[in-house]
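> one predicted model, sequence on top.
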There are 4 protein chains.
Amino acid sequence: MRTGIWLMGARGSVAVTATVGLLALQARLTDTTGCVTELPALRSPALPSFGDLVLGGHDIVATPVLKKAEALAAAGVVPARLVAALTDRLTAHEESVRPLPLGEQPRVAEGIAADLVAFRSQHELDLVVVVNVTTTEPIFAKSDASLGSFPASSLAAYAAFSAGCPFVDFTPSTGARLPTLESFARSQGVVYAGNDGKTGETLVKSVLAPMFAMRNLRVRSWSGLNLLGGGDGANLADPAANAAKVASKQRVLGDALGYEPSGTSRIDYVEEIGDFKTAWDLVTFAGFLGTGMRLEVTWHGCDSALAAPLVLDLARLTAAAHRAGRVGPLPQLGFFFKDPLGTGPAALGEQWTELVAFAAGLSDVEGP
Amino acid sequence: MRTGIWLMGARGSVAVTATVGLLALQARLTDTTGCVTELPALRSPALPSFGDLVLGGHDIVATPVLKKAEALAAAGVVPARLVAALTDRLTAHEESVRPLPLGEQPRVAEGIAADLVAFRSQHELDLVVVVNVTTTEPIFAKSDASLGSFPASSLAAYAAFSAGCPFVDFTPSTGARLPTLESFARSQGVVYAGNDGKTGETLVKSVLAPMFAMRNLRVRSWSGLNLLGGGDGANLADPAANAAKVASKQRVLGDALGYEPSGTSRIDYVEEIGDFKTAWDLVTFAGFLGTGMRLEVTWHGCDSALAAPLVLDLARLTAAAHRAGRVGPLPQLGFFFKDPLGTGPAALGEQWTELVAFAAGLSDVEGP
Amino acid sequence: MRTGIWLMGARGSVAVTATVGLLALQARLTDTTGCVTELPALRSPALPSFGDLVLGGHDIVATPVLKKAEALAAAGVVPARLVAALTDRLTAHEESVRPLPLGEQPRVAEGIAADLVAFRSQHELDLVVVVNVTTTEPIFAKSDASLGSFPASSLAAYAAFSAGCPFVDFTPSTGARLPTLESFARSQGVVYAGNDGKTGETLVKSVLAPMFAMRNLRVRSWSGLNLLGGGDGANLADPAANAAKVASKQRVLGDALGYEPSGTSRIDYVEEIGDFKTAWDLVTFAGFLGTGMRLEVTWHGCDSALAAPLVLDLARLTAAAHRAGRVGPLPQLGFFFKDPLGTGPAALGEQWTELVAFAAGLSDVEGP
Amino acid sequence: MRTGIWLMGARGSVAVTATVGLLALQARLTDTTGCVTELPALRSPALPSFGDLVLGGHDIVATPVLKKAEALAAAGVVPARLVAALTDRLTAHEESVRPLPLGEQPRVAEGIAADLVAFRSQHELDLVVVVNVTTTEPIFAKSDASLGSFPASSLAAYAAFSAGCPFVDFTPSTGARLPTLESFARSQGVVYAGNDGKTGETLVKSVLAPMFAMRNLRVRSWSGLNLLGGGDGANLADPAANAAKVASKQRVLGDALGYEPSGTSRIDYVEEIGDFKTAWDLVTFAGFLGTGMRLEVTWHGCDSALAAPLVLDLARLTAAAHRAGRVGPLPQLGFFFKDPLGTGPAALGEQWTELVAFAAGLSDVEGP
């Protein structure tokens, strides 16, 4: 059950935090806080263990992973003592991170697939799961795109499917969400999951919005401001990428409430704020007899530290689903995403129930 | 199916808000926002309609209900236009509110029971549900109390059971939670529910704490400050009543998380703050690799407006349960309470699932 | 010393709140909370008393002032009991509110001036101060505008000066801030003040930014989100007006700190939020040895209730300055404004010291 | 002008942060952010330069300063790179930190004074300023205490005065605030300053409370909750020390507003929260016509990083005052304290004006 995780964007904050974390888990230097698949309700023999996982990936930048890890330690994202203790392992991991192939789309796709196959072979892996943790792309509107006109995230999905690899999109980009790619995944017999990891403000929304719904309280407005620096933040200063992210963030409200309250969720890039995002939400709502009330939430979280264990969770679950014979989209993983595939529930509690059942189902299949 | 609701504390803020609200619903002057039993998942022919409900109650104070309603309107708790439109109905309701009998406990209990029987008879009610909305009592430690040494809330439960009436305790007081009273309820064939309506900070905790648990995030501390004026607030300036309330508020964390984080939840009475309570919570938590993060929540809610529709919901559900032949405690109503009877789930989503199943079960019994 | 206050925008929220307030003060139905000129340090025989003030104004809308006052009462901006008690006075006041003249700029200016002269004569007023409380205009860039190409606020200033009236601009619009208007004011021997009343988030900034400066703490970022409904909010949904307001809001930081921190202040119109604006600010700052810290502020204020007494204060002070022989801009009133005329201090405490000295100076002149 | 700073509590968080900071300034490894005396308005040839300062002190604990510095670095209070770069200097500094003498009060005072004299002599210091940064003592009520019954902070002041040293009390303890000690200071010709460094919530109050006062807004309630871990926090879990601190924190409101609003400021020790204190304040206030509004402030600051540069500032200013011939209490340093000596202003802006004039006066004396 040796399983590879191939990170598109392997030198970015999320990927390097996941890398430091997995190496630390393998070296027994940390515990499994933040890893959903280690909760009793989800633990399963069907999931590859942390010891079975091997990391690799592509990136367009060249900063060594170790150097990035040191920068994350200086910013308080990962403990400096862990980076120091893992220096040798991080250096060894460097060999598995390759430059993203460049050129015409068919050639790039071939290059990616070739790297995946080589990685699988070199490390004697049973399976490689590709996880997209690159920065957010601008909104891509064409649903009839095909090879040659794919956005980068869809090209990555195509390449993964070509190589027989499951694909997880942790970003709001298009990824596998094109009709032609769904067909291709099915024809290749692979699964995929996404989109847009639910790590902060939206996670909170996914429990608070159902709370208002269950109490029959009427949400009048829900407004938010996300302030973040760091790499992902800089990308979101681009209006097109920002629009993609904002759309993904608001979807949960309509789904959970059954109507769209007023207000929007803004994202501002403020370099000085760094990797610990601060999001403020104001909810105004009406209770019995129309009485107006309000709720304010300030979330101060480190996106990379929140995302990294979910990357490992998703790779484990997707690998197990693939091995259990599932094919195509995995809407049962909506628990992890802001904008899940399919039409599952928006409330975190219901997504959890669905996830537990899904994981149990994989385990049954695994049984003797 | 004409059903009475007998409010212990009928001239208090919660009771009068419930009274204005029910009369407004009956006069079609307001909608059902805040009424949980009007949500599609809970609507049921087994529940008495709002038109079937008749209100009465006891109180030790003598302020007319209309005058209290006007004071609530001035404070923004209920709309002034509703109180104006309902003046005649509120005045008529006054006849059904009686002074609490005084004297030795056996005589008081007899007096309460006699008033309940008279109310049932006078209004040709099929059933009367007694709901305790008096102010919080100090913690009562003796589990072997018997008639003569009951706290007031337990005496009310005893009297209700004597008269064959279900009992709902919306307060953190002892109420029916004494072994002798459980036996007595069973022998009388009545149901009871409680304790301590979940209307604000604890409601939010009951969705946020499970969120941390489901994501395997480690809550390090959870501290809160509740600032409130109004009648209930003044009572909570008493350290003993305060202790009873605080204990009830923290229970949800241990239940939902599986461990007790540091920190306490304080309640301060600040007269100038009035009926709109402000509660602030700070949660510090650790994610992957121990990275520290934090969440702040400010809740600005009107307790009476939040509690009043739940009082109606609980009376409807308890009446239906009684009619469906249930007897003794109703732990399935944990959705409504801070400190529910029994050992049900602490997460609001799970409590909701249980409630929906419970309500559906009552409906089945009602079927032809 | 009978003094007129002519409100441009006399049927808007700020103007009607000021009207209700002045009539209530004259009828001794309220106290002077919020009136800066009633503080011991500013009280002066040079200021016209509340009893000496007479209100009139222009507006382009036709909603009766009484009806607007009732709407403000329903929204909690002014007490309903005051509006009820002042019904006759508000109806009488209606006669002094005239439709804004329409047509070519020279004709409009003549019409405004004629109305001012008629108001002064009819009420036997010694002086009329014109106060602009219309909604914010888009940014106006041309500094060489002249009659015919003036923005509306500048046309109002021109008309006021023509009629020998002081002019106060409570908005961020251009108003008297054109070289040709400064010259004209001087030639007419009148004073003027502005711009943009400092009522909420910026008021708080004007004390917090100097606090960081006095402690030599380095502000790294200062970001804000203003959420507001109501009339002024709707206008600010227009990007151009929004830009004018935002520019005015950020100016205080650079002035008080000596450098421009990162971050911006956003304004979002959310109709459901109504007249009570909520503004949230996040300040990140560095202390000794670069240690990062943060401050969050949530302001929940009613702009009209904050602005209205300042309108009265400014009219009193401007009238007194005019009578004391001052001419041209009054930079000493920076205490009241987000974007004051001249180059005075940005710190509220220093503006206060300047204001106290200014008021004392007016009083000296008044002496026998 | 070589000047000693003798820290009572030399191994505590504030003292060690000040030590790391001064050594870093002397080594030109950091800038002067947070040092008030480096602002242009206060810079003065009368102040000893950072290069002129030499640190020593007493403590009852034995943890090496270097070890404490490393712990502070791990907690994010000081940068780890600074502690690493200053290892040799911190080790050398260790020699100047001596165990607090024990025994009967007269003997302890003699021991402290002897250590001060020896330190002055050994380092060829012109003057030694004693600064109390020990943990808060319980409230001490007896104003007629004398040697033998002094609280520890007063004993330290006595010993300092005996040795001809100025004394600064950065804590809310009694310190020099006993009639007998004021007389003694005058007879010894030394100055002293205090009490209770204003580093966080109270600093914010000292600018916000005057803001409400200057705008004639009526503060109805001001409630606060301070959550802190770290050494000082643990001490404040003791109710008596807590009471001393709370009393000091609320004094500013009455002084700045002219009346005492409702509400209290609580301090809770929550170990998990560590050195970065979070304080939340809710202010409810009335504006024109009684309209209710509110302000919320969350302060997330590192007390030690805020206090340490002020310790250096106070030592510099006190040394200069002593050299300029001042004697007795220095109420002009109210800018730095929660509970200043004398009856000076409570508003930070006015305290600043007084401080600037005071510093300028010292400089004049220094002139040729």
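Perfect, I can see it now.
> which stretches of chain A have low pLDDT?
A:231-234, A:237, A:248, A:364-368 (pLDDT under 70).
> now with 90, please.
Within chain A, the ranges that satisfy pLDDT under 90 run A:1, A:74, A:135-145, A:200-201, A:229-252, A:265-267, A:271-275, A:363-368.
> which helix or strand contains the closest residue to chain B within it?
Among the residues of chain A, A:G349 lies nearest to chain B; the distance is 2.7 Å by Cβ to the nearest Cβ. Quick note: C-beta positions are derived from backbone N, CA and C, even for glycine. A:G349 is located in helix A:348-366, with elements delineated by DSSP states H and E.
> that older thread, is it true that the residue of chain A closest to chain B touches B:P210?
Yes: contact criterion Cβ atoms under 8 Å: A:G349 and B:P210 qualify, at 6.9 Å.
> which residues do these two both contact?
Both A:G349 and B:P210 are in contact with A:V207, B:A347, B:L348, B:G349, B:E350, where contact means Cβ atoms under 8 Å, 6 or more residues apart in numbering or on different chains.
> excluding its backbone neighbours, what's nearest the residue most central in space within chain A?
Geometric centre of chain A, nearest residue: A:F170, 2.5 Å, by Cα atoms, centre = their mean. With Cβ to Cβ, 6 or more residues apart in numbering or on different chains as the criterion, A:F170 has its nearest non-adjacent residue at 4.5 Å, and that residue is A:G197.
> right, and the one you found touches A:D339 too?
No: using Cβ under 8 Å, A:G197 is not in contact with A:D339, being 10.1 Å away.
> count the neighbours of the closest residue to A:S223 other than its chain neighbours for me.
In this structure, A:S223 finds its nearest non-sequential neighbour in A:G263, 3.6 Å apart by Cβ to Cβ, 6+ apart. Burial of A:G263 is recorded as 25 neighbouring residues (other Cβ atoms under 10 Å in any protein chain shown).
> what's the spacing between A:G263 and chain D?
Distance check for A:G263 against chain D: by Cβ to the nearest Cβ, to the nearest Å, it reads 19 Å.
> then A:A256?
27 Å.
> for that residue, give me the backbone phi and psi.
Reported as degrees, to the nearest 10, the phi and psi values for A:A256 are phi -80, psi -30.
> any idea how far A:S206 is from it?
A:A256 sits 7 Å away from A:S206, taking Cβ to Cβ, to the nearest Å as the criterion.
> comparing these two, which residue is more hemmed in?
A:S206 (27 against 23).
> for that one, what are its contacts?
By Cβ under 8 Å, 6+ apart, the contact set of A:S206 is A:K198, A:V252, A:A256, A:A346, A:A347, A:L348, A:Q351.
> so which of the residues you listed wins on neighbours?
A:L348 (29 neighbours).
> in space, what's closest to that one - neighbours in sequence excluded?
A:S206 (4.2 Å).
> so the one you found, which state does it fall into?
Secondary structure, DSSP: H, G, I helix; E, B strand; the rest coil: A:S206 is helix.
> the longest helix along chain A close to chain B?
In chain A, with assignment by DSSP state H, the single longest helix is helix A:303-323. Yes: Helix A:303-323 is in contact with chain B by Cβ under 8 Å from any Cβ of the partner chain, via A:A305, A:L306, A:A308, A:P309.
> helices of chain A, residue ranges please.
Counting by DSSP H, the helices of chain A are A:13-26, A:65-74, A:80-85, A:87-93, A:105-122, A:152-162, A:179-188, A:201-214, A:230-236, A:239-257, A:303-323, A:348-366.
> just the CA atoms of the second one, as PDB, please.
What that stands for is helix A:65-74. C-alpha atoms of helix A:65-74 as PDB (Å, rounded to 0.1, in the frame of the first residue of the first chain):
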ATOM      1  CA  VAL A  65      12.000  23.200   0.000                       C
ATOM      2  CA  LEU A  66      14.300  23.500   3.000                       C
ATOM      3  CA  LYS A  67      14.700  27.200   2.500                       C
ATOM      4  CA  LYS A  68      11.000  27.600   2.300                       C
ATOM      5  CA  ALA A  69      10.500  25.500   5.400                       C
ATOM      6  CA  GLU A  70      13.000  27.800   7.200                       C
ATOM      7  CA  ALA A  71      11.000  30.900   6.100                       C
ATOM      8  CA  LEU A  72       7.800  29.200   7.400                       C
ATOM      9  CA  ALA A  73       9.500  28.600  10.700                       C
ATOM     10  CA  ALA A  74      10.500  32.200  10.900                       C
END
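> give me the distance between stretch A:312-324 and the centre of its chain.
14 Å (Cα atoms, centre = their mean, to the nearest Å).
> check stretch A:108-124 too.
Its chain's average C-alpha position is 22 Å from that of stretch A:108-124, according to Cα atoms, centre = their mean.
> take the shared contacts of A:G349 and B:P210 and write them to TSV, including distance to D:E182.
Listed next are the shared contacts of A:G349 and B:P210 as TSV, based on distance: Cβ to Cβ, whole Å:
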residue	distance to D:E182
A:V207	59
B:A347	61
B:L348	61
B:G349	65
B:E350	66
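> got a list of what the closest residue to A:G274 other than its chain neighbours touches?
Once flanking residues are discounted, A:G274 sits nearest to A:G229: 4.5 Å by Cβ to Cβ, 6+ apart. By Cβ under 8 Å, 6+ apart, the contact set of A:G229 is A:Y269, A:V270, A:E271, A:E272, A:I273, A:G274, A:D275.
> how much space between the nearest residue to the fifth one once chain neighbours are set aside and A:L203?
Spelled out, that is A:I273. Computed as Cβ to Cβ, 6+ apart, the closest residue to A:I273 that is not its neighbour in sequence is A:G229, at 4.3 Å. Going from A:G229 to A:L203 by Cβ to Cβ gives 20 Å.
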